[in-house]
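A.B. asks: build me a model from this:
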Amino acid sequence: MKNLRMKMARMQLGMSQTELAQAVGVTRQTIGLIESGEFNPSIRLCVAICRALHTTLNDLFWEEEHGKDTL
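C.D. replies: Presented below is the predicted three-dimensional model:
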């Protein structure tokens, strides 16, 4: 599943994929793969991305399950 929330957060900061990649210590290709949903990042990388984008794990990576009862 594409991560459009991550892409939007990055774009709102005026940050390129290359700039985000440099900020978190990965390649631009890795950022592109995460945004396109072709790569699942480690929790460590997720946290680094959230810090760089000034947001939270819930905001960028939490997926709501539709049609399921929640407690």
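
A.B. asks: now the longest helix along the chain: how far from the chain's centre is it?
C.D. replies: In terms of residue count, the longest helix belonging to the chain (DSSP state H) is helix 43-53. Offset of helix 43-53 from its chain centre (CA atoms, centre = their mean, to the nearest Å): 7 Å.

A.B. asks: check which helices and strands it sits against.
C.D. replies: The helices and strands touching helix 43-53, judged by 3 or more CB pairs under 8 Å, 6 or more residues apart in numbering; DSSP states H and E, are helix 4-12, helix 17-24, helix 57-61. Every C-beta, even on glycine, is put in place using the N, C-alpha and C of the backbone.

A.B. asks: just the CA trace of it, in CSV.
C.D. replies: This file holds the C-alpha atoms of helix 43-53, laid out as CSV (Å, rounded to 0.1, in the frame of the first residue of the first chain):
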residue,chain,number,x,y,z
ILE,A,43,10.8,0.5,13.2
ARG,A,44,14.1,2.3,13.6
LEU,A,45,13.9,3.8,10.2
CYS,A,46,10.2,4.7,10.7
VAL,A,47,11.1,6.6,13.9
ALA,A,48,13.9,8.4,12.0
ILE,A,49,11.6,9.4,9.2
CYS,A,50,9.0,10.7,11.7
ARG,A,51,11.6,12.8,13.5
ALA,A,52,12.8,14.2,10.2
LEU,A,53,9.3,15.1,9.2
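
A.B. asks: relative to helix 4-12, how tilted is it?
C.D. replies: If you take axes from the mean of the first three to the mean of the last three CA atoms, to 10 degrees, helix 43-53 sits at 40 degrees to helix 4-12.

A.B. asks: need the helices and strands packed on helix 43-53 in a markdown table with distance to Phe39, can you?
C.D. replies: Formatted as a markdown table, the helices and strands packed on helix 43-53 follow (distance: least, CB to CB, whole Å):
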| stretch | distance to Phe39 |
| --- | --- |
| helix 4-12 | 12 |
| helix 17-24 | 12 |
| helix 57-61 | 13 |
